[in-house]
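Participant: just need the structure, nothing else, for what follows:
(chains A and B)
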2 protein chains.
Amino acid sequence: MMLNKSIMDGDNPDLTEERMKGTFDTDKMAALIYGSEKFARRRREISDCVSRIPQLADIKPYPFLTRDEKLMEGTRKISVLNHYLPAIIDKDNAAESLHLHQEVIGFEGHPLALHDSLFIPPLLTQGTDEQHEKWLGRAKRREIIGCYAQTEMGHGSNLRALETTATYDISTQEFILHTPTITALKWWPGNLGKSSNWAVVVADLVIKDTHYGAHMFMVQIRDEKTHEPLTGITVGDIGPKMAFNAADNGFLGFDHYRIPRDHLLMKYSRVEPDGTYIKPMHAKINYHGMVRVRSNMTTEQGLFLAHALTIAVRYSAVRRQGYLDDKSHEVKVLDYQTQQHRLFPSIARAYAFQFAGAETWKLYEQVLNGMKSGNVELMADLHALTSGLKSVVTHQTGEGIEQARMACGGHGYSMASYIFEIFGLAIGGCTYEGENMVMLLQLARYLVKSVELVQSGKSVGPMVAYLAEPDTKVDLTTGPEAYVKVFQHAARRQAWKATDKFHELMKSGQSRDIAWNNCAVELIRASRLHTRLYIMETFIRRVSSISDISIKKVLIDLVNVHVNYEVLDIGTYALEHVSSTQLDSIRSQLYSSLDTLRPNAVSLIDSFQISDMQLRSVLGRRDGHVYPNLFEWAKASPLNQTHVLPSVNQYLKPMMDKAKL
Amino acid sequence: MMLNKSIMDGDNPDLTEERMKGTFDTDKMAALIYGSEKFARRRREISDCVSRIPQLADIKPYPFLTRDEKLMEGTRKISVLNHYLPAIIDKDNAAESLHLHQEVIGFEGHPLALHDSLFIPPLLTQGTDEQHEKWLGRAKRREIIGCYAQTEMGHGSNLRALETTATYDISTQEFILHTPTITALKWWPGNLGKSSNWAVVVADLVIKDTHYGAHMFMVQIRDEKTHEPLTGITVGDIGPKMAFNAADNGFLGFDHYRIPRDHLLMKYSRVEPDGTYIKPMHAKINYHGMVRVRSNMTTEQGLFLAHALTIAVRYSAVRRQGYLDDKSHEVKVLDYQTQQHRLFPSIARAYAFQFAGAETWKLYEQVLNGMKSGNVELMADLHALTSGLKSVVTHQTGEGIEQARMACGGHGYSMASYIFEIFGLAIGGCTYEGENMVMLLQLARYLVKSVELVQSGKSVGPMVAYLAEPDTKVDLTTGPEAYVKVFQHAARRQAWKATDKFHELMKSGQSRDIAWNNCAVELIRASRLHTRLYIMETFIRRVSSISDISIKKVLIDLVNVHVNYEVLDIGTYALEHVSSTQLDSIRSQLYSSLDTLRPNAVSLIDSFQISDMQLRSVLGRRDGHVYPNLFEWAKASPLNQTHVLPSVNQYLKPMMDKAKL
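Facilitator: Below is the predicted model:
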């Protein structure tokens, strides 16, 4: 049995050659990446099963479809899956379900994408037993399709600024939902535009002229029979986007639209018939959903990166361009140092993100369990950690995907590579679930608070313990841990410096908010360094805990690429510890670590075991037969269904004919 | 008269407020940006004229069109322009023509985009008088539509590797064009897919089994009456791309396709009827076209960046989010330091690119004139300079555009912002006309050669004179020139270091090519530093030559942003000259320079005078009335032309109905 499980007869020999060089078992690596041998195996089984059901295949490559056709195809898939899903997976297993959906539907969206993830959860967590009785079963059986409508056109995730009002009318015991301005239109909610007939709407609760802030309401927006919008409702699709165009992100406006009192989700806060407001026990309970999504983003983004790298690394092993020693054969572009430098540090990050993601998710579950018993202690840590991770990881993922695309040369620019679609989807993560700058500043708040604690001699938690440590000289020849020390120094120095500056500005008379804004860039840098330190530490810790020798060996190679690359990247923040000469020697080490990694590059990305169906990329095919398939792909594209386009008959021919006169 | 000429009654007061703060005349700044008062005025006149011809308006926003519709719209525009163009511009004025086309057709392409720029020029420069007689008039009158077919599926700009053959058949005095493999298919040429009926084809000339390498041939590919592909020709569109989807980039294959001997463009090299080959005088003559395109790319990319920044800066002045001191009004997001840090250094670059672009173009014209009199001396300088600029500028432009998009928050992700389309177009420049890594390595060759000259005591040209200068201590408080010194130091140190490493590796026994590859990343860094130094120097030189005081003052502010930002960015390469403490003080200066620039931000981007038509962005509208127009845009989008989509009737309703049973 081969170590690399992707080898098959008839493959492009250039790829097989790479796979033969791999020094570890890719199934074992997959088990490490996906957290267990069992789930890694289930992934393969699910992919395999899907590949045998013709109805689950794409009717056409997605880039050939118009938006209408994409919506149609996503909807068709959901409908077919409704039938096949129970036979393929345990539907209560979220991870299996996610994999199945990504396999079958891909990344461009479908009409029920948010029904399960953002409509049912608030109903479940914020609704009373009576409300569950009324709607939960219907929602779960998909008698109704729902979405979560919070964001407004003029207002992102700032709940305080929401303009949509829900005014209680005591006389009829109804809430009157209203959109007072254009900027108050709900804008962006997924699946709101065309698919949903119900929505959980977040609106400012108003009782007798008193504003109680954001609350959630169950609102029917379309007729359940005709699917036409109900009177008083303005609803539609917000138009095409960078990516995710099989999803109908929507807008929603209310014109004094009335709903019964018991449509307020009342598990925590209530409004009595007479208009008495009962406030919730925990104000923070609402943030829970966002933290959950963010906790998962590191893993998810790492997988996006792995998708792009699978395509780029495989294609770099079959694409030949230019010459090195042998002038009779062009070389694989993967042999160029520049290509390795473009791709390998991203492979390291893709792995690092998986490990950091798994650790974050564990913390999330711990916090969740803690909260059930009233312990909210770790919530601030989790919030800080996920805010930082979300920002750093989405940024680095976007960067890595674009570099992967460019590493494919001209064909990377073709939608046949499909990398651009992955980029479009991944990069959205920089903005949604809390814009990156805002998130980094939230983490900064936590860091400044921690520095203040240290400065006043108090103790801090393990996540920021390094902030209190003394600055000691580091011997860089002692391995990855020394790089961690350098990173700790850089992160500590920056956190202290930003905190000091913040204090100084306040002392000089600036208000807290103004002072904060005036050192915002420095604060953000502190947050980034803190987060990158966390990722590096987690990576090293995870790798050192591995017992399988061949797996551990290649991952140590990967860690070496990572730490050299990362320290060089933040060099200017660590000048007390690394001299110009040392940086030069780290550079040399980086190049030799790229060289060491080279034979395992293809096996490392093969280990993510992303199927051809899920990749949807001509360049990234497992079998490496890129060029004939690129030709087939192009021939099948819509413009080639006729030799002479209508535009030629209508305009070009008359133009040429006239010129001949 | 207001200093900012974009102010109009009825505008969003938030934008007017910004424009009132501007300290300089935006028309004067436009004259500086576009090289002359006259051309800046002509741009405005052309935009104005176009806006009054309803037939030249977009039938719909481009993001709402399918690819077929985009091609149709681009073709319609070209046809209408054929009629109106002579009345609007002097058609021999290339700059006016470019502006007119960008205004009317935008950035997504049209069927004649390459006819004038890449089909006629080789015909003109490589064709004999008889060949001009035969085709040039027809091409200019547009009796035929042509393209330039060089790139192949398996081979980018490496002419040596082209596989398409043109074998001379002495018996019939014909060339037999043939595509021996799938990778030999012509792939990517613009307008080849569906529009052109002729092509200049680059193929390997073969006479009696001897390969003479790449030559150009005039080839008819489609019937002039029916527009059907001719027998022996396989032609089509290569499918959808990241951007530029109104253009039909195509593929082309030959099956022993015969053309007469005199279809070889024979001005420089010839094939006699008996098969005798006469070789050209200058081998390099073919590169000329690419250098021309590259010489123009700095200006072009700078304008792409200016487009994105116009959108982001204007929108940041009308978008309000969060609070600073005043808790009753949300602040303009442009007041956040993080937002300024995201956008202002890019504004500086957009200006710097215009100035560097103008200087490069001058050099190009100088070289062109020199070549006419047989002087090819400066050609190597120009090639090196444009290779570096092309790479650095496309990279920084892409980065800047994406940051601009993210600076628009969620709505940046909507195609209503249109920034993503600009990104897609601009980022293509990293790959076309010579892939960036390849280009940087070409510049590196020039730098290494220069260092070798210096090391052997010989003199070098002005462009690399700094490589020979001694390293002196720099006093950073003396202004921008001191920053140039720091940059020179960094660039010099890196060029020497990379050269030394290259020599060492060869001494250690590596072949030239292997050694080169093993220090490729270091070489590339030297090229980047060299190019960024050039951009900085040009920027400072141009600004110091300005006499108008108010224009000069704001541009000095912009230079300050630039030099602080740039030196921080390359800090790790200049450690002999800047300490950790000095870097901290440069950071402080950067933040205060952002603050200084703040009041002029909107006026600086208004000065590019990009019309609303050309911007095609709801967020970037001159009048700042973003939100109502965002709603109108969305309502007009294709999915909203019906309340109930076919996908709902076909799949979702039956699914919900079934669940109710």
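Participant: distance check, the residue nearest to A:Ala426 when sequence neighbours are not counted against chain B.
Facilitator: Spatial nearest neighbour of A:Ala426, chain neighbours left out: A:Phe304 (4.0 Å); criterion: C-beta to C-beta, 6 or more residues apart in numbering or on different chains. For every residue, glycine as well, the C-beta is placed using N, CA and C. A:Phe304 sits 16 Å away from chain B, going by C-beta to the nearest C-beta, to the nearest Å.
Participant: next: A:Leu71.
Facilitator: Distance from A:Leu71 to chain B, by C-beta to the nearest C-beta: 5 Å.
Participant: contact partners for that residue?
Facilitator: A:111, A:194, A:246, A:248, B:639, B:645, B:647 (C-beta atoms under 8 Å, 6 or more residues apart in numbering or on different chains).
Participant: check A:Ile176 too.
Facilitator: A:165-169, A:256-258.
Participant: secondary structure class for it?
Facilitator: strand (DSSP: H, G, I helix; E, B strand; the rest coil).
Participant: show me what whichever helix in chain A runs longest is packed against.
Facilitator: The longest helix of chain A (DSSP state H) is helix A:337-372. Applying 3 or more C-beta pairs under 8 Å, 6 or more residues apart in numbering or on different chains; DSSP states H and E, we find helix A:337-372 packed against helix A:288-318, helix A:379-406, helix A:520-544, helix A:549-569, helix A:580-597, helix A:601-606, helix B:436-455, helix B:520-544.
Participant: tell me the pLDDT at the closest residue to A:Asp90 other than its chain neighbours?
Facilitator: Excluding its sequence neighbours, the residue lying closest to A:Asp90 (C-beta to C-beta, 6+ apart) is A:Glu96, at 6.1 Å. The per-residue pLDDT reported for A:Glu96 equals 96.
Participant: likewise A:Glu421?
Facilitator: 97.
Participant: same check, this time on A:Tyr287
Facilitator: 55.
Participant: please apply the same query to the one 3 residues further on.
Facilitator: pLDDT, A:Met290: 76.
Participant: you'd agree it is up against A:Val438?
Facilitator: No: if you go by C-beta atoms under 8 Å, A:Met290 and A:Val438 don't touch, sitting 11.8 Å apart.
Participant: mind listing what A:Ala214 touches?
Facilitator: A:Ala214 neighbours (C-beta under 8 Å, 6+ apart): A:150, A:159-160, A:162, A:202-205, A:286.
Participant: that one: what secondary structure?
Facilitator: Quick answer, by three-state DSSP: A:Ala214 is strand.
Participant: state the number of residues packed around the closest residue to it other than its chain neighbours.
Facilitator: Leaving out its chain neighbours, the residue that sits closest to A:Ala214 by C-beta to C-beta, 6+ apart is A:Leu159, at 4.4 Å. Neighbour count of A:Leu159, defined by other C-beta atoms under 10 Å in any protein chain shown: 14.
Participant: how near is A:Thr431 to A:Arg532?
Facilitator: 21 Å (C-beta to C-beta, to the nearest Å).
Participant: in terms of helices and strands, where is A:Tyr168?
Facilitator: strand A:165-169 (DSSP states H and E).
Participant: got a quick ChimeraX command for the buried subset of the contacts of A:Ala214?
Facilitator: Selection of the buried residues among the contacts of A:Ala214 in ChimeraX, burial being defined by 16 or more other C-beta atoms under 10 Å in any protein chain shown:
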select /A:150,162,202,203,204,205,286
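Participant: hang on, the earlier thing: is it true that the residue nearest to A:Ala426 touches A:Gly428?
Facilitator: No: applying C-beta under 8 Å as the test, A:Phe304 and A:Gly428 come out as separate, 10.2 Å apart.
Participant: those two: which has the busier surroundings?
Facilitator: Legend: neighbour count by other C-beta under 10 Å for A:Phe304 and A:Gly428, higher for A:Phe304 (24 against 18).
Participant: quick one: contacts for the more buried one?
Facilitator: Contacts of A:Phe304 (C-beta under 8 Å, 6+ apart): A:397, A:401, A:422, A:425-426.
Participant: could you give the average pLDDT over the host helix or strand of A:His503?
Facilitator: Here A:His503, judged by DSSP H and E, is contained in helix A:480-507. On average, the pLDDT along helix A:480-507 is 96.
Participant: cheers, nothing more for now.
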